[in-house]
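Colleague: below are the sequence and a predicted model; questions follow.
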Amino acid sequence: MKNYSMASALAVASALVLTACGPEDGAEAQTSAATTAAATAPAPAPRPKPPQGQAGTITAVVPLHTTEKPSGAGAVIGGVVGAALGNQVGGGNGRKAATVIGAVGGAVAGNEIEKNRNTTVTGYRIDVRLDNGNTTSVTLGDPAGYTSGQRVRVLNGSIRPA
């Protein structure tokens, strides 16, 4: 039985030593309460981001055209057609003059027609009057539904609806 009493005494002594190592009176309760309060407190609301870029109003959406150099085929075809039509007018020297005038006029008209056919839209320039009074332009490949009078924000060479 001595072993049991010795074991009991050792268990009691160990319990006393471990109790002495714990937190002081109420310290554990305070720490636990602070941790619980921090965990259940609502997080502060995120601040709204300030608007990016400068606000303004679109004043114009202008298509940008590229024209290829005419090949001359339009002028030749126009000259031939103009000469044929001019040859139908008058007689003698008047007919000769009408043929020459028809050829020149047809060549000029044919050249213009060819230039217009070789013109393509390559992009759009969007002009914006900023709220501070300045104006700026942004070039886009597609007007993306932007129209004159629309409010937008301009940032780093691009725009987005305001």
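Modeller: Noted; the coordinates are in hand. Residues are numbered from 1 along each chain as shown.
Colleague: need the longest strand for the protein.
Modeller: Criterion DSSP state E: the longest strand present in the chain is strand 54-67.
Colleague: quick one, grab the pLDDT at E114.
Modeller: The model reports E114 with a pLDDT of 79.
Colleague: from memory it sits against S71, does it?
Modeller: Yes. Look at E114 against S71 with CB atoms under 8 Å: they come within range, at 7.0 Å. For every residue, glycine as well, the C-beta is placed using N, CA and C.
Colleague: so the residue lying closest to S158 once chain neighbours are set aside is in which element?
Modeller: Counting by CB to CB, 6 or more residues apart in numbering, S158 lies nearest to V138, which is 6.4 Å off, once chain neighbours are set aside. Assigned by DSSP states H and E, V138 falls within strand 135-140.
Colleague: what's the answer for R160, then?
Modeller: Per DSSP H and E, R160 falls inside strand 158-161.
Colleague: what bridges to V121?
Modeller: Counting by DSSP bridges, V121 is bridged to H65.
Colleague: show the contacting residues for it.
Modeller: By CB atoms under 8 Å, 6 or more residues apart in numbering, V121 lies in contact with 63-65.
Colleague: G79 too?
Modeller: G79 makes contact with 103-104, 106-107, 110 under the criterion CB under 8 Å, 6+ apart.
Colleague: adding neighbour count and pLDDT, write those residues out as CSV.
Modeller: As requested, the contacts of G79 are exported to CSV (neighbours: other CB atoms under 10 Å; pLDDT from 0 to 100):
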residue, neighbour count, pLDDT
A103, 20, 85
V104, 16, 90
G106, 23, 86
A107, 21, 86
G110, 22, 85
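Colleague: what's next to the longest strand of the chain, contact-wise?
Modeller: 115, 118-132, 135-136, 139, 143, 146-155, 162.
Colleague: shaky segments in this structure?
Modeller: The chain contains residues with pLDDT under 70 at 1-43, 47-51.
Colleague: so which residues of it form helices?
Modeller: Applying DSSP state H to the chain gives helices spanning 2-21, 27-40, 73-86, 93-117.
Colleague: who has more neighbours out of E114 and S71?
Modeller: Comparing E114 with S71 by other CB atoms under 10 Å, the one with more neighbours is E114, at 21 against 11.
Colleague: once you drop chain neighbours, what's closest to that one?
Modeller: Closest residue to E114 apart from its sequence neighbours, by CB to CB, 6+ apart: G74 at 2.8 Å.
Colleague: can you list the domains in the chain?
Modeller: Under the assignment automatic domain parsing, the domains of the chain span 49-67+120-162, 69-117.
Colleague: quick one: buried residues of stretch 58-67?
Modeller: By neighbour count on 16 or more other CB atoms under 10 Å, the buried set for stretch 58-67 is 58, 61.
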